[in-house]
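**Student:** Any chance you can model this:
(one chain, ligands or ions: 2)
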Amino acid sequence: MTRLAANLSMLFTDAPFLDRFDRAAAAGFEAVEFLFPYAHSIDEVKARLDRNGLSLTLINAFAGDWAGGERGFAARPSKTAEFAASLNQAIDYATGLGCPRIHVMSGITADEPDASACEAAWMGNMRLAADRTANAGLEVSIEPLNTRDMPGYFLAHQDAALDLIGKLDRRNVRLQFDVYHAQIMDGDIIRRIERLKGAYGHVQIAGVPDRHEPDTGELNYAAIFEAFDRVGFDGFLGCEYNPRGRTEDGLGWAAPFLTQKGA
Ligand SMILES: O=C(O)C(=O)[C@H](O)CO
Ligand SMILES: [Mg+2]
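**Tutor:** Ligands and ions are numbered 1, 2, ... in the order given. This next block holds a predicted model:
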């Protein structure tokens, strides 16, 4: 069964962040995800989830100065203190908001002088993340990002991320399988959904190449939704795209999977 989560960092962005929860629920979503809730208190965010009966599927740990180009700390040898602080904060929010999963970003490492030091930093930081989140009953996700949108990011390919997860040897770290990034970098999406079954705990979707609604472009999302069903994926597909216009006007493709309000 296809279950959708609205990504509130990308959808309904004509409204202030807290009002996007109301808009998502009114549009028929039962779940949401977002990158960074940290400008708001846990209580403020929880009140919006509760009053709309929404569940929360994913948050990101704080990733640094986003506007300045930072994309997380895990693989950056000089940022271990920032990493630990962002992890503790994210665990507090995830626990307080009933969110099962934290996306921990690895960082831009293209300019780091020593690639092996980046991998060593990633291993050490991610073991810390895995162990602290496991104690809190949470999962960590890592996500390869395409090099066109995110040049220099530490993780770009699905198989490389899987190799690292293998070396990490922690059961609560899994892939965040973003179909948009995976198609741009690796392709072979249907076979990959089958082959990686169990290795991803969260999925995100968007049209390729423009990152708009998943109803145009080079991917056949009807077949992709069927493939996730066929392999028994029972998590959420996060709608992480830039709407072509007003979010509600572009939700025709999602209508079969949204709650019909007033029905
Ligand atoms: O960009 C994405 O696809 C994400 O999911 C990240 O959380 C932000 O880079
Ligand atoms: Mg994503």
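**Student:** What's the mean pLDDT across stretch 131-140?
**Tutor:** Averaging pLDDT along stretch 131-140 gives 97.
**Student:** Helices of the stretch 51-200 of the chain, start to end?
**Tutor:** With helices called from DSSP state H, counting those that start in this stretch, the stretch 51-200 of the chain shows them at 80-97, 115-135, 158-168, 179-185, 189-195.
**Student:** can you list the residues that contact the fourth one?
**Tutor:** Just to be clear, that refers to helix 179-185. With contact meaning Cβ atoms under 8 Å, 6 or more residues apart in numbering, helix 179-185 is reached by 143-149, 156-158, 189, 192, 203-209, 211, 218-219, 224, 240-241. (Glycine included, C-beta is placed from N, CA and C.)
**Student:** where are the low-confidence patches of the stretch 151-263 of the chain?
**Tutor:** By pLDDT under 70, the weakly predicted segments of the stretch 151-263 of the chain are 261-263.
**Student:** And the residue of it closest to ligand 1?
**Tutor:** When scored by Cβ to the nearest ligand atom, the stretch 151-263 of the chain has D178 as its residue closest to ligand 1, at 4.7 Å.
**Student:** contacting residues around that residue?
**Tutor:** D178 sits next to 143-145, 203-206, 240 when contact means Cβ under 8 Å, 6+ apart.
**Student:** List the beta-bridge partners for the closest residue to ligand 2 within the chain.
**Tutor:** Residue nearest to ligand 2 within the chain: D178 (3.6 Å; Cβ to the ion). With DSSP bridges as the criterion, D178 is bridged to Q204.
**Student:** who in the stretch 101-250 of the chain is up against ligand 2?
**Tutor:** Neighbours of ligand 2 within the stretch 101-250 of the chain, by Cβ under 5 Å from the ion: 178, 204, 240.
**Student:** doesn't L8 make contact with R20?
**Tutor:** Yes - judged on Cβ atoms under 8 Å, R20 makes contact with L8 at a distance of 4.3 Å.
**Student:** sorry, back to before: would you list the contacts of D178 in CSV and tack on neighbour count and distance to W66?
**Tutor:** Below are these laid out as CSV (neighbours: other Cβ atoms under 10 Å; distance: Cβ to Cβ, whole Å):
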residue, neighbour count, distance to W66
E143, 23, 15
P144, 25, 19
L145, 23, 13
V203, 23, 23
Q204, 25, 18
I205, 24, 22
A206, 25, 19
E240, 26, 15
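**Student:** So which of those is the closest to Q89?
**Tutor:** E143 (19.2 Å; Cβ to Cβ).
**Student:** In contact with A31, which residues?
**Tutor:** Per Cβ under 8 Å, 6+ apart, neighbours of A31: 3-6, 54-57, 236.
**Student:** ok, those vs R170, which is closest?
**Tutor:** Closest to R170, out of all of those and judged by Cβ to Cβ, is T57, at 20.4 Å.
**Student:** circling back: could you dump the helices of the stretch 51-200 of the chain into TSV with mean neighbour count added?
**Tutor:** What follows is those, written out as TSV (neighbours: other Cβ atoms under 10 Å):
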stretch	mean neighbour count
helix 80-97	18
helix 115-135	18
helix 158-168	16
helix 179-185	22
helix 189-195	16
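**Student:** can you tell me which of these comes nearest to D43?
**Tutor:** D43 lies closest to helix 80-97 among those, at 8.0 Å (Cβ to Cβ).
**Student:** got the angle between the closest one and helix 115-135?
**Tutor:** Using axes from the mean of the first three to the mean of the last three Cα atoms, to 10 degrees, the inter-axis angle of helix 80-97 relative to helix 115-135 is 30 degrees.
**Student:** what's helix 80-97 packed up against?
**Tutor:** helix 42-52, strand 55-60, strand 101-103, helix 115-135 (3 or more Cβ pairs under 8 Å, 6 or more residues apart in numbering; DSSP states H and E).
**Student:** And A27, how close does it get to ligand 1?
**Tutor:** 20 Å (Cβ to the nearest ligand atom, to the nearest Å).
**Student:** Equivalent analysis for T13, please.
**Tutor:** As judged by Cβ to the nearest ligand atom, T13 and ligand 1 stand 14 Å apart.
**Student:** The closest residue to that residue other than its chain neighbours sits in which helix or strand?
**Tutor:** Excluding the flanking residues, the one nearest T13 by Cβ to Cβ, 6 or more residues apart in numbering is R20, at 7.4 Å. Assigned by DSSP states H and E, R20 belongs to helix 17-26.
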